[in-house]
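K.L.:
fold the following for me, if possible:
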Amino acid sequence: MAMAFHPLAASRVHLSPLLPVPAAAAVAGAPASAHRRRFSAIVATAAASATTEFDFKSYMGERAASVNRALDAAIPAGDPPAALHEAMRYALLAGGKRVRPALCLAACGIAGGREAWAMPPAAAVEMVHTMSLVHDDLPCMDDDDLRRGKPTCHVVFGEPIAVLAGDALLSLAFRHMASVDSYPPDVDPEKHPARVVRAIGELARCIGSEGLVAGQVVDLEMTGSTETVPLERLEYIHLHKTAALLEASVVVDDILDVTKSSEELGKTAGKDLASDKTTYPKLLGLDKSREFAEKLLCDATEQLEGFDKEKAAPLLHLANYIAYRQN
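P.N.:
Residues are numbered from 1 along each chain as shown. Reported below is the predicted structural model:
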């Protein structure tokens, strides 16, 4: 995927080594789209008021390690039923970028909270995400046998255990958010029951018939359809399956499915085309899809204006990483 964009390279809010360097960035005189110019202006404003350097690679590595420890502790190894918990741990601890929990922790930070307070919800979000991957990979859904560079859960443990592992991860996510034992000693969720209930309700809404499940149903209905699918219908699918926060990531994921190999992606490449799924490249073409992802990136980062620049730096870099990742 070639993108002539390198927005943070010269700023004091340094471009992390973790962020991809677009292949077209070295092309002299490559025209910048209006969206790229918008984002460059946002970055320049943030860099002008930044007083410290931001190491995105270290930031993501530290958060991923913290999230992994929380996830590992949430499902003790060897507890019966052993097959179920082994499948849950296999799916949950198989790697992954941990972008969703990192977004949760960064959002807590920009609001002035301590990240430890947000770790239980962050871990719960990753559990729900993993559940969605386990179920999405099933033969009755997308029928995929590779995820995060490893055989999918149903390939290793069989379909029945994979279904139940996904169900158990969903249940665990809500229990984890509600349990006093999930939080640090100085945080007692029972003192703020309304907030905990609201957070649990929001998570439930995002994955039910108004969210992820609704998007998956429409996605299945559109796969292989001979009718012309309007862009609004595709946006409905992904806004509900991933929420607006990660819509740009979905566009990029569709692009990578066309332009990268299975080895680079850690999952089966070209699957969308082979199954005739409705994707952004199919509707818009690659160039327009990239432009649309850039627009979403700008729309998202503009919401950070008015916040403390140091606290906003993680979200700014996360947005850039999501839009310009290579796998």
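K.L.:
mind checking how far the residue nearest to residue 74 when sequence neighbours are not counted is from residue 303?
P.N.:
With sequence-adjacent residues excluded and distances taken as C-beta to C-beta, 6 or more residues apart in numbering, residue 74 is closest to residue 176, at 5.8 Å. Quick note: C-beta positions are derived from backbone N, CA and C, even for glycine. Counting by C-beta to C-beta, to the nearest Å, the gap between residue 176 and residue 303 amounts to 28 Å.
K.L.:
so between those two, which is more surrounded?
P.N.:
residue 176 (22 against 12; other C-beta atoms under 10 Å).
K.L.:
which ones are touching that one?
P.N.:
Going by C-beta atoms under 8 Å, 6 or more residues apart in numbering, residue 176 touches 74, 120, 123-124, 127, 182.
K.L.:
taking the residues you listed together, which two end up most distant?
P.N.:
Within those, two members stand farthest from each other by C-beta to C-beta: 127 and 182, at 11.5 Å.
K.L.:
who touches both of these two?
P.N.:
74, 176.
K.L.:
just want to know which of these two has more residues nearby.
P.N.:
Using other C-beta under 10 Å as the criterion, residue 127 and residue 182 rank with residue 127 on top: 28 against 19.
K.L.:
surely that one touches residue 167?
P.N.:
No: counting by C-beta atoms under 8 Å, residue 127 does not reach residue 167; the two are 11.5 Å apart.
K.L.:
in which helix or strand does residue 194 reside?
P.N.:
Element membership for residue 194 (DSSP states H and E) is helix 193-207.
K.L.:
one step back: any chance of the contacts of residue 176 in TSV, plus pLDDT?
P.N.:
Listed next are the contacts of residue 176 as TSV, based on pLDDT from 0 to 100:
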residue	pLDDT
74	94
120	92
123	95
124	94
127	96
182	88
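K.L.:
inside helices: which ones of those?
P.N.:
Counting by DSSP state H, the part of these found in helices is 74, 120, 123-124, 127.
K.L.:
flag the shaky bits of the stretch 101-250 of the chain, pLDDT-wise.
P.N.:
224-226, 228-229, 237-250 (pLDDT under 70).
K.L.:
for it, what spans make up the helices?
P.N.:
115-136, 153-157, 159-178, 193-207, 212-222, 231-242, 247-259 (DSSP state H, counting those that start in this stretch).
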